[in-house]
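Engineer: need the 3D shape of this:
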Amino acid sequence: MTDLFQEPDDATPLAPEEREGLLQTWVTHRRDLNEAEQENIVKGAAWARRSRALSATGLLDDAFARTLHKRMFGDVWRWAGTYRQTERNIGVDAYRIANDLATMFDDVRYWVEHATYPPDEIAVRLHHRLVAIHPFPNGNGRHARLMADLLIQRLGGEPFSWGGGGLADVGELRARYVAALQAADNHDIGPLLAFARA
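Structural biologist: Numbers count the residues shown, from 1 in each chain. A predicted model of the protein is given here:
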């Protein structure tokens, strides 16, 4: 893909006003954007992993989720860390984002405190719900995967492999990931759990 804003068929395109939020003037092709975002994500992930004082339930809140997104994408996008204002082909209506996230975080904290599911399943369910809500204009899958990795580490597990490759590219791996998310949409978490550890 060379067109700067060309997305894979299963990705959510940015609205014109969101495209104007690009901060990096040197970004002219999709590969440039991927590179800039990846560099920023690495810095955001390093910041999050250094936040050792943050407990499992401590990362399960709105402020941390928005701060993490800003740390992951704030060098690239002006709107990083703010909820989307536009409707999408995926996710809840924009006006529901804050309430749905609050409910989700309450649910996940309950699962952690009461060991409702095994740790891997709690983290993968968090990932799925975050993707389903789709709170940000872009980067939702990457943000949700990092949130799940942070949670599983705080619960004593290892980070997930997420299929063992890069999910930003079009291909068989991304198709398997999307199929696993769709199965979870239909209340079958098994394929997403398997993919996370594949």
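Engineer: distance-wise, check the closest residue to residue 15 other than its chain neighbours relative to residue 129.
Structural biologist: Leaving aside its chain neighbours, residue 15 sits nearest to residue 86 (4.5 Å; criterion: CB to CB, 6 or more residues apart in numbering). (Glycine included, C-beta is placed from N, CA and C.) In this view, residue 86 and residue 129 are 21 Å apart by CB to CB, to the nearest Å.
Engineer: go ahead and confirm the residue nearest to residue 15 touches residue 19.
Structural biologist: No: assessed by CB atoms under 8 Å, residue 86 is found out of contact with residue 19, at 11.4 Å.
Engineer: thinking again about what came up before, which residues touch the residue nearest to residue 15?
Structural biologist: Residue 86 is in contact with 15, 17, 18, 94, 137, counting by CB atoms under 8 Å, 6 or more residues apart in numbering.
Engineer: what sits against residue 132?
Structural biologist: Applying CB under 8 Å, 6+ apart, one finds that residue 132 lies in contact with 90, 91, 92, 185.
Engineer: and the first one, that's in a helix?
Structural biologist: Okay, so that is residue 90. No: judged by DSSP: H, G, I helix; E, B strand; the rest coil, residue 90 forms no part of a helix; its state is coil.
Engineer: give me the buried positions along the top helix by length along the chain.
Structural biologist: What stands out as the longest helix in the chain, according to DSSP state H, is helix 30-50. Across helix 30-50, burial judged by 16 or more other CB atoms under 10 Å covers 30, 33, 36, 37, 40, 41, 44, 45, 48.
Engineer: which parts of the chain are strands?
Structural biologist: Here the chain has no strands by DSSP state E.
Engineer: so where's it shaky on pLDDT?
Structural biologist: Across the chain, the ranges flagged by pLDDT under 70 are 1-12, 52-53, 166-170.
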